[in-house]
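Trainee: Next one to model:
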Amino acid sequence: MDFTTTLQVSQMIVNELTTGAYVHKMQGLLFKSQGFEKLGQKYLDHYTEEMEWVEKYANRMMDLGCVPEVNIAKQGKLIEDPKAYVEADLKIQREGVENLYKMMPSLACDPTTYDITKAYLADEEEDMYWSEEQLDMIGKIGIQNWLVKQM
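Mentor: Model prediction:
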């Protein structure tokens, strides 16, 4: 079997997810330092969860005889405003979910990677819905009340 597409998709996910996970970790540390303990822990936990997905994809690549590359050289600044960060993260999540949906048909010939990606997609949708809920809550109770809930 030809696993070229599987390996390309897996490598892309490993790279993008590793970068995103690291940003979540740093944002979590920043939010904790600002006194938003719950929000900070949410993103630190998100980092751990995302790195578990990186591990699954890397292991799958190695099962197929490919050594994953490490390409995580993006540069960016942390966002100090919690609401602005949730908004920015939501935009990235929506794009990511859309891209995963587009990738699914190309993985149909590899049921193992397809199943990993299907589970990962469900997890990403859950994260996207959480961000949407937070922004909806801010609209309903106001930013100050929402920030108090994040302490």
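Trainee: name the helices or strands packed onto the helix-or-strand element of the chain with minimal mean pLDDT?
Mentor: Ranked by mean pLDDT, DSSP states H and E, the weakest helix or strand in the chain is helix 4-33, scoring a mean of 95. Using 3 or more C-beta pairs under 8 Å, 6 or more residues apart in numbering; DSSP states H and E, the elements in contact with helix 4-33 are helix 37-63, helix 82-103, helix 111-141. All C-beta atoms are positioned from the backbone trio N, CA, C, and that covers glycine.
Trainee: Which parts of the first one count as buried, going by neighbours?
Mentor: Judged by neighbour count (16 or more other C-beta atoms under 10 Å), helix 37-63 contains these buried residues: 39-40, 42-44, 46-47, 50-51, 53-54, 56-58, 60-61.
Trainee: ok, of these, which one's closest to Met137?
Mentor: Leu39 (12.2 Å; C-beta to C-beta).
Trainee: ok, now which ones touch that closest one?
Mentor: Residues in contact with Leu39 (C-beta atoms under 8 Å, 6 or more residues apart in numbering) are Gly28, Phe31, Pro82, Gln150.
Trainee: nearest residue to the second one other than its sequence neighbours?
Mentor: Excluding its sequence neighbours, the residue lying closest to Phe31 (C-beta to C-beta, 6 or more residues apart in numbering) is Gly40, at 3.7 Å.
Trainee: Check whether the one you found really touches Leu30, as I assumed.
Mentor: Yes: counting by C-beta atoms under 8 Å, Gly40 touches Leu30, with 7.4 Å between them.
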